[in-house]
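1. fold the stuff below for me.
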Amino acid sequence: MSTATYAGAVVEVDAEGFLADPAQWTEEMAHEIAAQNGLGELTDRHWQVINFMRDSYLKTGAAPSIRTLGKVSGVPIKELYQLFPKGPAKLAAKIAGIPKPRGCI
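-> Numbering: from 1, shown residues only. As a prediction, the model looks like this:
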């Protein structure tokens, strides 16, 4: 494992940059992770998805898939791709500080 510094905190990350310990995540880190991944300001819709991802992970121990995200989060799949280009579930999970969803490349 390597480390990264977000919002002044040093955290362990895996080879793809996902936090090793989701408990270390903060909202301030989310802003920095989003910026490093090419997203601008996080909107209320971004936060709706990010919070859904975190809540789902904390309840089930697994990150939701893109299919679940589109059906249950309240944000349609087409909009998810507008909010999080190039793989919404993977990018939203990274910003939310949780492990990569199963099935994501």
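2. what lies in contact with the lowest-mean-pLDDT helix or strand in the chain?
-> Lowest on mean pLDDT, DSSP states H and E among the helices and strands of the chain sits helix 66-72, with a mean of 91. Outside of helix 66-72, the residues within contact range by C-beta atoms under 8 Å, 6 or more residues apart in numbering are 49, 52-53, 56, 64, 75-77, 80, 88-89, 92, 101, 104. C-beta: built from backbone N, CA, C; applies to glycine.
3. list buried residues within those.
-> Buried residues within the contacts of helix 66-72, counting neighbours by 16 or more other C-beta atoms under 10 Å: 49, 52-53, 56, 64, 75, 80, 88-89, 92, 101, 104.
4. quick check: which element contains the residue nearest the centre of the chain?
-> Closest residue to the average C-alpha location of the chain: Ala93 at 2.4 Å, with C-alpha atoms, centre = their mean. Per DSSP states H and E, Ala93 falls inside helix 88-96.
5. now swap in Arg54 and tell me
-> helix 44-60.
6. list the buried residues for that helix?
-> For helix 44-60, by 16+ other C-beta under 10 Å, it's 46, 49-50, 52-54, 56-57.
7. what is the nearest of those residues to Ala30?
-> Distance to Ala30 across the buried residues of helix 44-60 (C-beta to C-beta) is lowest for Ile50, with 6.2 Å.
8. pLDDT at the residue lying closest to that closest one once chain neighbours are set aside, what is it?
-> Ranked by C-beta to C-beta, 6 or more residues apart in numbering and with sequence neighbours excluded, the top spatial neighbour of Ile50 is Ala96, at 4.6 Å. Note for Ala96: predicted pLDDT of 97.
9. Ala96 contacts Asp55, correct?
-> No - here Ala96 does not reach Asp55: they are 9.4 Å apart, not a contact under C-beta atoms under 8 Å.
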